[in-house]
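1. pasting the structure only:
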């Protein structure tokens with residue numbers, strides 16, 4: 001396809017709007033400004049998930065079981081979408097930092113094409129293989145029928161999920177984290193309103209039960225994705241997209257996938273690791289399973305600010321590396337580590353000194369409280385190292401070294417699971433819990449050695465020198 005002057009000129013980077021200068025602005029202030037909307041959005045999403053579960057729980061235990069079985073499968077595909085987002089965000093931010101606006105636009109175009117294609121393939125495969133998959137997981141009878149009906153809707157909505165994730169990453173790569181959060185808020189409000197309407201039947205709408213919950217979720221994801229896409233296509237983002245100017249480039253496709261795939265695998269490890277450890281915990285009875293489940297949910301809330309900072313750090317480091325500012329990339333990583341240490345120490349103190357107080361709002365069962373107390377006291381010793389591993393992993397991802405992040409996370413889970421299975425016979429549940437802090441500690445040590453070696457920045461100095469010689 002011939003690209004005319006109009007296509008070449010369309011890449012001028014706009015100065016107004018919510019896009020932030022990530023190369024010349026104060027590091028810590030900018031990171032927190034970027035992270036705050038992301039943290040807010042994730043907190044809202046977590047709150048919605050609790051509300052969604054509440055409404056479905058009103059239908060009965062079978063409906064709760066159906067969505068419970070669906071979750072680990074859905075999370076694996078969310079991990080794939082997140083990986084593609086990491087790949088596109090890192091590459092776009094690097095191109096923006098280097099002043100290569102045309103390349104940033106082209107990467108964004110390729111990212112949306114990949115997101116659409118993978119979303120469609122995932123939807124088709126999910127619908128085709130969901131019956132044997134859930135049967136293999138031990139679901140049968142009426143619950144299997146409900147699970148398939150619900151999951152098929154969720155699978156079909158994956159097209160919007162993938163497009164929504166990637167378009168969000170495109171906007172964030174330019175330093176705008178407010179717009180995606182606003183769009184997420186709109187979609188969550190829509191979902192919260194439609195949930196009871198479609199589930200129980202309000203006004204002219206018939207009661208659809210669990211299927212209604214799926215319809216509400218898919219429609220909300222459609223709205224959120226379209227709002228993000230409209231923002232990009234309307235020229236309000238830092239990148240500009242015009243379908244008539246799109247030029248397929250296999251090297252860009254491969255680069256996005258090569259960066260995104262290790263990140264997807266790494267995120268999937270979290271789900272697989274939890275499933276394996278849940279099987280071990282399950283041998284100690286229902287109280288142990290309940291305590292572990294509540295503990296994981298509480299941990300997911302506590303880690304939100306760290307994940308928010310991680311999502312802010314990726315475009316920040318990407319743009320600065322693209323601009324040849326390796327010093328700012330290193331400094332941002334160091335400052336983020338200091339911030340995470342301070343934050344995680346607060347939760348370390350809470351987990352260690354008042355674990356029962358934190359668990360008590362969720363259950364009055366003494367056995368669950370006793371197990372939960374032991375769980376939090378032991379994992380508290382590795383909480384700081386968990387946060388640091390997240391930050392260092394984000395730095396590796398932003399530099400395009402997602403393979404390093406994969407190895408670090410893989411080591412963390414391998415050690416946690418290996419230690420848990422090794423110590424369980426001698427120390428019981430305490431031995432299982434010990435795997436978490438030890439795995440976090442050794443994974444951090446490996447990540448820290450890689451960081452200090454400078455290997456994660458290998459190639460960026462050469463690129464900087466090459467661009468100088470071209471000028």
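-> Now that the structure is in, tell me what you want to look at. Remember, it's a predicted structure, so these values are computed and weren't measured experimentally.

2. And the helices in the stretch 251-400 of the chain?
-> Read by DSSP state H, counting those that start in this stretch, the stretch 251-400 of the chain holds these helices, from start to end of the chain: 286-302, 304-322, 326-353, 355-359, 366-379, 383-398.

3. can the ones you listed go into JSON lines with extra columns for distance to residue 24 and mean neighbour count?
-> Every residue, glycine included, has its C-beta placed from N, CA and C. Shown next, in JSON lines, are the helices of the stretch 251-400 of the chain (distance: least, Cβ to Cβ, whole Å; neighbours: other Cβ atoms under 10 Å):
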{"stretch": "helix 286-302", "distance to residue 24": "33", "mean neighbour count": "18"}
{"stretch": "helix 304-322", "distance to residue 24": "10", "mean neighbour count": "25"}
{"stretch": "helix 326-353", "distance to residue 24": "9", "mean neighbour count": "18"}
{"stretch": "helix 355-359", "distance to residue 24": "42", "mean neighbour count": "17"}
{"stretch": "helix 366-379", "distance to residue 24": "40", "mean neighbour count": "20"}
{"stretch": "helix 383-398", "distance to residue 24": "18", "mean neighbour count": "26"}
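
4. low-confidence ranges in the stretch 51-200 of the chain?
-> In the predicted model, the stretch 51-200 of the chain carries pLDDT under 70 at residues 61, 68-69, 72, 137-138.

5. Worst mean pLDDT among the helices of the stretch 251-400 of the chain?
-> Out of the helices of the stretch 251-400 of the chain, helix 286-302 stands lowest, with a mean of 77 (criterion: mean pLDDT).

6. What is it packed up against?
-> helix 27-57, helix 250-282, helix 355-359, helix 366-379 (3 or more Cβ pairs under 8 Å, 6 or more residues apart in numbering; DSSP states H and E).

7. from those helices, which stretch is densest packed?
-> helix 366-379 (a mean of 20; mean count of other Cβ atoms under 10 Å).

8. by contact count, what packs against that one?
-> Applying 3+ Cβ pairs under 8 Å, 6+ apart, one finds that helix 366-379 contacts helix 286-302, helix 326-353, helix 355-359, helix 429-453.

9. Any chance of CSV for the helices of the stretch 251-400 of the chain, columns distance to residue 418?
-> Listed next are those as CSV, based on distance: least, Cβ to Cβ, whole Å:
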stretch, distance to residue 418
helix 286-302, 18
helix 304-322, 25
helix 326-353, 23
helix 355-359, 25
helix 366-379, 17
helix 383-398, 17
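
10. among these, which is nearest residue 27?
-> Between residue 27 and those, the shortest separation by Cβ to Cβ is 5.1 Å, and it involves helix 326-353.

11. what's the spacing between that closest one and its chain's center?
-> Relative to the centre of its chain, helix 326-353 is centred 19 Å away, using Cα atoms, centre = their mean, to the nearest Å.

12. That helix relative to helix 383-398, how many degrees between them?
-> Using axes from the mean of the first three to the mean of the last three Cα atoms, to 10 degrees, the inter-axis angle of helix 326-353 relative to helix 383-398 is 150 degrees.

13. Quick one: list the elements packing against helix 326-353.
-> Using 3+ Cβ pairs under 8 Å, 6+ apart as the contact definition, the elements that helix 326-353 packs against are helix 27-57, helix 304-322, helix 366-379, helix 383-398, helix 460-470.

14. quick check: angle from that helix to helix 429-453?
-> 160 degrees.

15. Isn't residue 288 up against residue 281?
-> Yes: in this structure residue 288 lies within contact range of residue 281 using Cβ atoms under 8 Å: 5.0 Å.
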